[in-house]
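> Turn this into a model:
(chains A, B and C)
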Amino acid sequence: MSTATPTRQPVTATAVGTRKRRPLLLDLYGTAVGKKYAMAISGIAMMGFVMFHMLGNTKMYLGAAELDGYAEFLKKLLYPLAPKESVLWILRVSLLGMLALHLHAAWSLTVLNRHARPVRYQSARDYQEASLASRSMRLSGIVVVMFMVWHLLDLTFGVVNTIGTEGEYVRSEVYANVVRSFERWPVALFYVVANLLLGLHLAHGAWSIFQSLGWNNPRFNAWRVAFARGFAAIVVIGNISFPIAVTVGIVSV
Amino acid sequence: MTMLQDRPTDTKLISKVPDGALADKWDNFKANAKLVNPSNKRKFKIIVVGTGLAGASAAASLAELGYRVDAFTFHDSPRRAHSIAAQGGINAAKNYQGDGDSVSRLFTDTIKGGDFRSREGNVYRLAQVSVNIIDQMVAQGVPFAREYGGLLDNRSFGGAQVSRTFYARGQTGQQLLLGAYQQLSRQIGLGGVRLFNRCELVDIVVIDGRAAGIVTRDLLTGELTSHAAHAVVLATGGYGNAYYLSTNAMNCNVTAAWRAHQRGAYFANPCYTQIHPTCIPQADETQSKLTLMSESLRNDGRVWVPKNFDENRAAHEIPEQDRDYFLERLYPAYGNLAPRDISSRAAKRLVDKGLGVGPLKNGVYLDFAEAIGRLGRPVVEERYGNLFEMYERIAGENPYDQPMRIYPATHYTMGGLWVDYELQTTIPGLYAAGEANFSDHGTNRLGASALMQGLADGYFVLPYTISNGLAPLLNKTVPGTDHPEFKRVETEAKVRFQGYLNVKGTRSPDYFHRELGKLIWDYCGMERDRNGLEKALTEIPALYSEFKTDLRVTGTGEGINQTLEKAGRVDDFFQLGTLMCKDALTREESAGGHFRVEYQTEEGEAVRDDENFCHVAAWEWTGDENNATRHEEQLTFETAQLATRSYK
Amino acid sequence: MTHSVSNLTLKVWRQNGPADKGQFETHVIESITDEASFLEMLDVLNERLIGENKEAIVFDHDCREGICGTCSLMINGQAHGPQRGSTTCQLHMRSFKDDDTIVIEPWRANAFPIIKDLMVDRAAFDRIVESGGFITSPTGGAPDANLIPVPKPVADAAMDAAACIGCGACVAACPNSAANLFVGAKITHLNLLPQGQAERYKRAEAMVDKMDEHFGSCTNHGECSAACPKEISLDVIALMNKDYRSAKFKNRKQLSRK
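Numbering: from 1, shown residues only, chains lettered A, B, ... in the order given. Below is the predicted model of the structure:
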C-alpha cells in the first residue's frame, strides 16, 4: 500500500466553538442520553398502565357485573367534575403519546447504534452479562406492539371479535367479549406468548429506568433488578391467568 | 568537609546554580530570571517531546502561559506514557503528619540516598517545589488517599524516617499522569497545544549551535517531517530497556536522548541504573518484560533459598534445616529489610551459585508461611491481598500456599542527558526533563521520588527557565524548516530507516535486543567488574556489527511497521550500551546503583571514592560510539555532609 | 512447574489498512509455555513470521502490566479475553487448553477505526476528555492541598472511577458501541470531588455531547462493566445520566444569570 498517504494533521482546538442551544426539551432529546430519559419516562407511564390494566381485569374473577361495572367506572372517571370519558381520553391520548415517544426514541437509538458499529464482529461474541431480556428488547417490543394492535382490534373495536353474547360484538359487554375471545385457543395462546414477551421486556426495561434516569444509590441498587423482575412477574402472571382461566373453564359466560 | 581534588570542570559543564544560600538559590533565580511579556509569548514556539508526567505538565503549563506548544508522543494518546505504571507514591515535604519533615530533610534524604553524586542546588529546589506539586495535583482532582477526617494520608517509604509519601492506592503514577494529561487535554481542546500522536522523534536539528527543531517519523504513515521551534524539551523517559528485560514498558527507548547526544548533548552517568529487588522472575524465554511487586512485601515475607544444590522438593516440603534464610543470616540487624541494593546482590550471588528456585532456578523465595502462622491469613490478606492476586495472575501460583518467587530487575535509570540548573542540555535551546535528564537522584533514586521529579521539572521548573532562555530571542528570527539543515537531517533519517530495511539478514530486531540485553545485564547490571566490562566492550561491538549485517526487517517504510520502529530503537540501545559499560568501567568506585566488585568493604558495602570520583561524568559524542570523550562536572557539597551511606 | 499448551489454532484478523477488507489468517502454534502471556505468544508468532520473511502482525501494546490501557484485542468473542478484570497483557496461556482454537479480532466500532491488523484508533476518547474531562486549575494557583478536605468514602469512590485505563474494552464489548462507562467513569471521578464542583455541570454536558458525536447509546446490558479490566461499576453511568440532566437545567440557569 505505498500510494501517497496524506500528511496527518496535529490535533488542536477540539473544544473550541459555541454550542447552539435549542429549546430545553429538544436539546435534551437531542442526545442519546436524553433519548434514554424519554424511554425511561414513557416506560414508567406504560408500566403504570399495564399494572392497572392487569389489576382492573382481575375483576373478571368476580363475575361479569364487576368487570363491566369497572369499565363503566373508567368512563366516568372524575365525573361529574369532568364530562364522561374525558379523563379516559386524556389518559388514552397521553399513553399513545408516550408510546409514540418510546417508539421514536427506540427507533432512533437503534439507528444510532447500528451506525456506531457498521462492521460487525466477524467471529461469535461470548456475552457475559447481557441477558436474553436485554438482548431481545427490540424483538419483544415489536411483538408487544403488534399484540397491542390485535388486542385493540379484538376487545376495544371488536373488529376481530364478532361473537359477543348475541353472536355479535357488544362494546359494553366487556366480560362476555373477553371470554368469547379467549375461548378461541389460538387467541389465548397468542395472549400468553405476547405477555411472556412483555414480561421479558419489563424485566430489563423496569431495571433500566433506574440507570437511565440516574436513580442510583448503593443502598437500594440490589433491589432494582429484584423490583423489575417482581414487577414483570406480577404483570405477566396476572395477564396470562385470564386466557388460561377461560381455556380451562374457571371463567366462562 | 572532605577535600576534593582540584580538578577542572569542563567549560561546557557550567551548572549555572545561582548564588546565595542553598535555601535562597531558587528564589534568587526566579527574582533575576528574564521574563517574556504575556503578549509576546505567542511569538514563541516550543516543542515538547513525550507526554509523561514531565512532558504533559510542561506542555500544559507552557501553553497556559501563552506559548505555542507542539507536543509529541509516539503513543496513540498522551495518557499511555509509562509514568502511569508507578505504584507506590510521590514524596513531598508537606510535613502534614507533623513528624519532623521539612524541605531540608527531604533534601538531605535525597542527597544521601543518591550517595552524594547529585547536585545540591537542583536537589534542594526539587525538595522545595515538592510542596507545590501536591497542591497542584489535588486541585486538579487527583484522588489521593485520605484520612477519615478528609485530610491527606501519608505512608512511609524506604530511605526516610518520616511519612511523606502521598499515594492513590497502588496507582499513584496513573492518577498523577491522568491529572497532567487532563490539563494537557484542556490545552489541546483550547488550541494552546497542538498534539502530534503516534509520532516518534528520530532526530534533533542543531543550527549554529542552537537547537532549531526536530525531525519526526509518523508511525502510521512512515512520513518524516521537520518541526522548527525556539526551544525543544525532551521528556522522553529513561533507558532501562537497554537491558531488554526490565520493568519499563515495551516501547520505552533511548532514541530521543541518544539522538540529542549525537547532536552534541552530553550524556551523564549512563552507568547509574537502579535495580529493584522484588520483581517476579523471568518465567521462560518468551518473556518480554518483568513486573515489579511492591517492596512492602518484605515487611512480612522471609527470603530464603534451599541449602542443597540438587533440591527437587516443593518449597513447603523442604524442612527448616535445609533452608537458608540468607538475608537474616548475612545481615542479622536488618534481616529481610536490608537495603535494596544489598539484598538484590545477595540474591544474585546465590542464584549465580546455582541455588536459585523456580523452573529456571532464577529466583529466591519470599515466604509468607511464618507471617500467616503468626498473624493469621485474614491479616495477611488485608495487607497484601491485591499484591498476592497480581502475583497469582502472572505466576500462576498461589502465594498463600507456596512462597512467592522474586528476583531483582532494572526499573529506573538515574543517568541521562546532562542538564544545568535550568534543565538545559549542552545544546542551547534543548532542555531535558524527568527521567530523561540526570539531575536529581545521584547514583540511586529513593522510592516515590521519580513522580516528584517529573512533575517538579514540568510544572515548576521549566516554565521559569524556558522563559529565561527565550527572552533574549524576542523578535529575532530563528531558522525555519526550510533551512537546508532540516532537509539534510531528514534525508539522513530516511537513509537510516531505509538502511534497516535493506540489510535483509536473518535476525529480527527483537533477537538483537534480547542478546544485547543479556550482555548488558551480565556485565553492567547489579554488579560490575573490570574484566566483565572490558569483555562487554568487545562483545557488544561484535554483536552490533552482526546487527548491521544480519538484521531482518520485513515490510516497508511506508505505513505502520512496528518491526522497523524497533530496529531504530535497538540501534540506539547498542550505542548506549557501549557507553554504559564505558562509564561503569571508568567510574572506579562503588556508589548506590553502581556497584563495582573491586570496591567494597568486607561486608559487601559500597566503597565510594570521593577523592577521585565526586563528579558527574558527562560524555561527549565524537562520531563513534566506542570513542566518546569523558568530561567531568565537579560536585561540591556546601550543606550536606559527605558521609558513608550507612543504614545501621 | 512449567507446562506447555500445544496445538493451538490461531485465527488472527489481518487487515492492510483502514480501507482494506481484511480476513482471518490461520496460524498453528505447536507448543508454547503456559507461563507466556497472550501478547508474548503473539511476539513468538511474529518472530516466526519475520523468520518466514512475512510482515509481523500489528497490535497495540506497551506496559504489559495492565495499567497503560494500550493493549486491546477481542479474544474468542470477549474484550481482553476470558479472564475477568484484566487486560490482554495480563492474560496468560494457562487460560487455554491443548487443541483450542483462538479467534483474535480487533475492536470494532465506528469510533475506533482499524489502522492495521489488530490496531485501532481510540482518539475519540481523547476528544471527549479534551471537551471537559478536567478541572481547570492552571499551574501555580492551587491552594494548600489540605484546605479542601475530602471525605474518605468520597475519595475512595472517586478513585474507583478514576481507575479507568482508557483501553476502550467497554466500547468494544458493548453491543451498541457505547462509551458510557468510559465517560461515566471520568465524570464520576471529577464530579464526586469537591474540587470538581465548579465545572460539574459544564463538564457533564460537554462530555456527553461530545460522546454523542462518536458512540452508540447505552441499553444497560452490562457488558462494558464485565469487560472492564478495572471492573468499574455501572453506577458511574447512572451518575453521569443524573448529572447530564441536571446540567441541562443548571447550565441554562447559570447562563441566564450573566
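> what about the strands in the stretch 151-300 of chain B?
Taking DSSP state E, counting those that start in this stretch as the criterion, the stretch 151-300 of chain B carries its strands at B:165-166, B:193-196, B:199-207, B:210-218, B:224-228, B:231-234, B:267-268, B:273-279.
> The nearest residue to residue B:247 once chain neighbours are set aside sits in which helix or strand?
In this structure, residue B:247 finds its nearest non-sequential neighbour in residue B:411, 3.9 Å apart by CB to CB, 6 or more residues apart in numbering or on different chains. (Glycine included, C-beta is placed from N, CA and C.) In the assignment (DSSP states H and E), residue B:411 maps to strand B:404-413.
> distance between the helix or strand just after that strand and the chain's centre?
Once the chain leaves strand B:404-413, the next helix or strand it forms, by DSSP H and E, is strand B:416-417. Here the centre of strand B:416-417 is set off from its chain's centre by 10 Å, with CA atoms, centre = their mean, to the nearest Å.
> and the residue of chain A nearest chain C?
residue A:214 (2.7 Å; CB to the nearest CB).
> my guess is that residue meets residue C:236, correct?
No. Counting by CB atoms under 8 Å, residue A:214 stays clear of residue C:236, with 10.5 Å between them.
> ok so, going back, enumerate every residue touching the residue nearest to residue B:247.
Residues in contact with residue B:411 (CB atoms under 8 Å, 6 or more residues apart in numbering or on different chains) are B:240, B:246-248, B:274-276, B:279, B:292.
> For residue C:109, state which of the residues you listed is nearest.
Among the contacts of residue B:411, residue B:248 lies closest to residue C:109 (CB to CB), at 30.5 Å.
> Give me the neighbour count for the closest one.
29 (other CB atoms under 10 Å in any protein chain shown).
> out of everything not next to it in sequence, what's closest to residue 102?
As the question left the chain open, I've gone with chain A. Spatially, and ignoring its direct neighbours in sequence, residue A:102 is nearest to residue A:42 (4.1 Å; CB to CB, 6+ apart).
> my bad, chain C
residue C:10 (5.3 Å).
> That neighbour - that's part of a strand, no?
Yes. Remark: residue C:10 belongs to a strand, assigned using DSSP: H, G, I helix; E, B strand; the rest coil.
> Would you mind confirming that it is in contact with residue C:24?
No. With contact taken as CB under 8 Å, residue C:10 and residue C:24 are classed as non-touching, separated by 9.3 Å.
> Looking at the two, which one has more neighbours?
Per other CB under 10 Å, whichever of residue C:10 and residue C:24 has more neighbours is residue C:10, with 19 against 14.
> any idea how far residue B:264 is from residue A:111?
59 Å (CB to CB, to the nearest Å).
> Between the two, which is the more surrounded one?
Between residue A:111 and residue B:264, counted using other CB under 10 Å, residue B:264 has the larger neighbour count: 18 against 10.
> mind checking how far the closest residue to the more buried one other than its chain neighbours is from residue B:214?
Residue nearest to residue B:264 in three dimensions, not counting chain neighbours: residue B:427, with 4.9 Å by CB to CB, 6+ apart. Residue B:427 sits 12 Å away from residue B:214, going by CB to CB.
> So for these two, which residues contact both of them?
Contact criterion CB under 8 Å, 6+ apart; residues shared by residue B:427 and residue B:214: residue B:204.
> Have a look at the two and say which one is more surrounded.
Higher neighbour count among residue B:427 and residue B:214: residue B:214, with 28 against 23, using other CB under 10 Å.
> can you give me the strands in chain C?
Applying DSSP state E to chain C gives strands spanning C:4-14, C:23-33, C:74-75, C:78-79, C:101-105, C:114-116, C:119-120.
> got CSV for the ones you listed, with mean pLDDT too?
What follows is the strands of chain C, written out as CSV (pLDDT from 0 to 100):
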stretch, mean pLDDT
strand C:4-14, 97
strand C:23-33, 96
strand C:74-75, 98
strand C:78-79, 98
strand C:101-105, 98
strand C:114-116, 97
strand C:119-120, 98
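> what's the neighbour count on residue C:90?
Using other CB under 10 Å: residue C:90 sits among 23 other residues.
> Repeat that for the one 5 residues further on.
The burial metric for residue C:95, expressed as a neighbour count using other CB under 10 Å, is 17.
> Single out the residue in chain B that lies closest to chain C.
For chain B and chain C, the shortest gap (CB to the nearest CB) falls at residue B:150, measuring 2.9 Å.
> Surely that residue touches residue C:145?
No. The criterion here is CB under 8 Å, and residue B:150 misses it with residue C:145 at 11.5 Å.
> Once you drop chain neighbours, what's closest to the residue nearest the centre of chain A?
In chain A, the residue lying closest to the centroid (CA atoms, centre = their mean) is residue A:46, at 5.8 Å. Once flanking residues are discounted, residue A:46 sits nearest to residue A:98: 5.9 Å by CB to CB, 6+ apart.
> Could you pull up the contacting residues of that neighbour?
Contacts of residue A:98 by CB under 8 Å, 6+ apart are A:41-42, A:45-46.
> Which residues are in contact with residue B:381?
B:388, B:400.
> And for residue C:38?
The contact partners of residue C:38, taken as CB under 8 Å, 6+ apart, are C:73, C:75, C:81, C:88-89, C:91-93.
> Give me the buried subset of those.
Neighbour-count burial (16 or more other CB atoms under 10 Å in any protein chain shown) applied to these gives C:73, C:75, C:81, C:88-89, C:91-93.
> gap between residue C:133 and chain A?
Distance, residue C:133 to chain A, by CB to the nearest CB, to the nearest Å: 10 Å.
> and the gap between that residue and residue B:640?
43 Å.
> So which of these two has more stuff around it?
Neighbour count, other CB under 10 Å: between residue C:133 and residue B:640, residue C:133 has more, with 28 against 19.
> was I right about that one contacting residue C:190?
Yes. Contact criterion CB under 8 Å: residue C:133 and residue C:190 qualify, at 7.1 Å.
> Look up the closest residue to residue C:46, ignoring the ones flanking it.
Per CB to CB, 6+ apart, closest to residue C:46 is residue C:56, 4.0 Å.
> Residue numbers of the stretch 1-150 of chain A in contact with chain C?
A:1, A:11, A:14-15, A:19, A:21, A:24, A:27-28, A:30-37, A:109, A:112-113, A:115-131, A:134-135, A:137 (CB under 8 Å from any CB of the partner chain).
> Could I get the pLDDT score of residue A:5?
Residue A:5 is assigned a pLDDT of 58 by the prediction.
> Could you check how far residue B:290 is from residue A:96?
From residue B:290 over to residue A:96 the distance is 65 Å, taken as CB to CB.
> more crowded one of those two?
residue B:290 (25 against 10).
> How are the strands of chain A distributed by residue range?
Here chain A has no strands by DSSP E.
> Now do the same contact list for the residue of chain A closest to chain C.
C:238-245.
> do the same with residue B:212
Taking CB under 8 Å, 6+ apart as the contact definition, residue B:212 lies against B:205-206, B:228-229, B:429, B:478-479, B:483, B:485-486.
> out of the residues you listed, who's nearest chain A?
The shortest gap between chain A and any of the contacts of residue B:212 belongs to residue B:229, at 13.3 Å (CB to the nearest CB).
> how about the closest one, what does it touch?
B:45-47, B:70, B:212-214, B:478 are the contacts of residue B:229 under CB under 8 Å, 6+ apart.
> can we see that at 10 Å?
With contact set as CB atoms under 10 Å, 6 or more residues apart in numbering or on different chains, residue B:229 has these partners: B:44-48, B:67-70, B:205, B:211-214, B:429, B:478, B:481.
> that older thread, ok, which of the contacts of residue C:38 also contact chain A?
Among the contacts of residue C:38, the ones lying near chain A by CB under 10 Å from any CB of the partner chain are C:75, C:81.
> so which of the contacts of residue C:38 comes closest to chain B?
Distances from chain B to these, taken by CB to the nearest CB, are shortest for residue C:92, at 6.6 Å.
> okay, now the residue lying closest to that closest one once chain neighbours are set aside: neighbour count?
In space, and not counting its chain neighbours, residue C:92 is closest to residue C:37: 5.3 Å by CB to CB, 6+ apart. Using other CB under 10 Å, residue C:37 has 26 neighbouring residues.
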